[in-house]
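In: Sequence first, predicted coordinates after that:
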Amino acid sequence: MTTLLYTHPACIDHNPGPMHPERPERLKAVLAALEDPAFASLERREAPAADPEQVARVHPRSFVDQLLQSVPESGTVSLDPDTYMSPASGEAALRAVGAVCAAIDAVMAGEARNAFCAIRPPGHHAEAAQAMGFCLFNQVAAGAAHARAVHGLNRVAVIDFDVHHGNGTQHMFERDPGLFYGSTHQWPFYPGTGAESETGAGNICNAPLSAMAGSQEFREAMTGTVLPALRVFRPELLLISAGFDAHRDDPLASLNLDEEDYAWVTEQLLQVADECCGGRVVSALEGGYDLGALASCAAVHVRSLMACVEPGRGDRSAAALAGSPRGD
């Protein structure tokens with residue numbers, strides 16, 4: 001059993017324009033970190049392009065077609081004040097959905113215990129018929145729908161630790177008790193959703209954090225609220241919206257997490273997955289806008305995924321998991 005890495009060059013070529021925080025260098029930094037010798041056993045696979053019908057399980061086909069037809073031949077086009085497309089954006093968005101769906105297929109087939117999708121644009125803000133917040137298609141929601149349609153699963157969960165609430169994922173899940181969405185996020189903050197009172201059909205679990213909250217508050221929110229609810233739900237597959245912008249160095253938010261917190265939360269989620277669904281986990285990159293913090297946090301996250309399938313590893317500190325000293 002191994003950990004898979006899905007990515008594609010088109011996800012780098014998506015370029016929202018000069019000075020945009022969701023820039024190609026984000027994915028370059030993540031992939032460079034994963035070239036460290038500590039990741040030599042990581043099995044790398046090319047993300048396929050999703051068929052539009054796969055995307056249309058969660059987005060109206062008319063929206064899918066309209067967005068793809070709006071991709072510019074040159075320059076950029078604005079979908080809202082934050083969300084832009086360039087000539088490569090359509091393929092990048094399809095590859096992002098395709099990565100998550102292919103990762104689910106591989107994990108469900110027993111080819112790997114878990115997988116990380118190093119993709120962009122991010123997806124958790126994308127509503128059913130609206131691209132927003134840097135996001136075009138909602139790849140984790142599409143992945144959950146794929147798991148149910150293709151693999152016959154009844155209960156699929158998404159845990160989202162991005163600093164921004166995944167409004168799109170919540171809205172797509174909130175009326176379906178066979179889907180679970182759990183989120184920690186800064187509150188009040190963009191996009192304005194994610195209050196504790198938003199519970200959907202009893203399948204939504206929000207644990208908002210105040211600005212300047214750090215490790216203690218984050219871990220208490222997870223162990224006291226999100227993880228118990230996830231255990232009660234007992235997913236057959238666990239998806240992770242892995243945003244790393246709650247890191248203390250991130251320029252777009254005001255939480256104070258560090259690499260150790262991301263190693264810890266990954267291990268906690270893997271433990272629940274072991275208890276409930278045979279360890280089946282697929283993680284997809286969401287936010288993270290300080291390049292150094294993003295690279296180091298993604299590295300400890302992936303190393304934690306790998307460590308759960310590599311017995312005999314005693315040192316599970318964030319520094320050891322990253323394969324390099326902390327403080328770079």
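Out: Cool, got the structure.
In: ok, for residue 180, nearest residue in space, not its chain neighbours?
Out: For residue 180, ignoring the flanking residues on the chain, the nearest one in space by CB to CB, 6 or more residues apart in numbering is residue 157 at 4.0 Å. Every C-beta, even on glycine, is put in place using the N, C-alpha and C of the backbone.
In: isn't that neighbour right next to residue 232, touching?
Out: No - counting by CB atoms under 8 Å, residue 157 stays clear of residue 232, with 10.7 Å between them.
In: More neighbours: those two, which one.
Out: Ranked by neighbour count (other CB atoms under 10 Å), residue 157 and residue 232 place residue 157 first, with 27 against 10.
In: in a strand, that's where that one is, yeah?
Out: Yes - under the criterion used here (DSSP: H, G, I helix; E, B strand; the rest coil), residue 157 sits inside a strand.
In: pLDDT score assigned to it?
Out: Residue-level confidence at residue 157 comes out at 99, pLDDT.
In: And the helices in this protein?
Out: Ranges of helices within the chain are 10-13, 24-33, 52-55, 61-69, 89-108, 139-151, 167-173, 215-221, 227-233, 259-277, 291-307, 318-322, based on DSSP state H.
In: I'd like to know which of those has the weakest mean confidence.
Out: The stretch with the lowest mean pLDDT among these is helix 318-322, which comes in at a mean of 44.
In: how far away is residue 78 from residue 84?
Out: 5 Å (CB to CB, to the nearest Å).
In: Likewise for residue 30?
Out: Spatial separation of residue 30 from residue 84 under the definition CB to CB is 21 Å.
In: Looking at these two, which is more packed in?
Out: For the pair residue 30 and residue 84, the greater number of neighbours falls to residue 30 (27 against 23), based on other CB under 10 Å.
In: Give the rounded mean pLDDT of the strand ranked longest in the chain.
Out: Taking DSSP state E as the criterion, the chain has its longest strand at strand 179-186. In this model, strand 179-186 carries a mean pLDDT of 99.
In: Name every strand pairing with that strand and say which way it goes.
Out: The strands beside strand 179-186 in its sheet (DSSP bridges) come out as strand 156-160 (parallel), strand 204-209 (parallel).
In: Buried by neighbour count: which residues of that strand qualify?
Out: Of the residues in strand 179-186, those scored as buried under the neighbour-count criterion (16 or more other CB atoms under 10 Å) are 179-186.
In: Equivalent analysis for stretch 120-129, please.
Out: Within stretch 120-129, the residues that qualify as buried are 120-127, counting by 16+ other CB under 10 Å.
In: would you list those residues in TSV and tack on pLDDT?
Out: Putting these into TSV (pLDDT from 0 to 100) gives the following:
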residue	pLDDT
120	98
121	98
122	98
123	98
124	99
125	98
126	98
127	98
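In: Can you lay out these as a markdown table showing distance to residue 227?
Out: Converted to a markdown table, the buried residues of stretch 120-129 look like this (distance: CB to CB, whole Å):
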| residue | distance to residue 227 |
| --- | --- |
| 120 | 28 |
| 121 | 29 |
| 122 | 23 |
| 123 | 23 |
| 124 | 19 |
| 125 | 24 |
| 126 | 26 |
| 127 | 27 |
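In: Now flag whichever of these is closest to residue 23.
Out: In terms of CB to CB, no member of these lies closer to residue 23 than residue 120, at 9.1 Å.
In: got the contact list for the closest one?
Out: Contacts for residue 120 (CB atoms under 8 Å, 6 or more residues apart in numbering) come out as 11-12, 14, 22, 24, 26-27, 92, 96, 285.
In: Show me what the residue nearest to residue 180 is bridged to.
Out: With DSSP bridges as the criterion, the beta-bridge partners of residue 157 are residue 180, residue 238.
In: Which among the helices of the chain is found nearest to residue 207?
Out: Proximity of those to residue 207 was assessed by CB to CB; the nearest stretch is helix 215-221, lying at 3.8 Å.
In: residues in contact with that closest one?
Out: Helix 215-221 is contacted by residues 161, 184, 207, 209-210, 246, 255-258, 260-261, 264-265 when judged by CB under 8 Å, 6+ apart.
In: just the buried members of those residues?
Out: For these, a neighbour count by 16+ other CB under 10 Å gives the buried set as 161, 184, 207, 209, 246, 255-258, 260-261, 264-265.
In: Thank you, goodbye.
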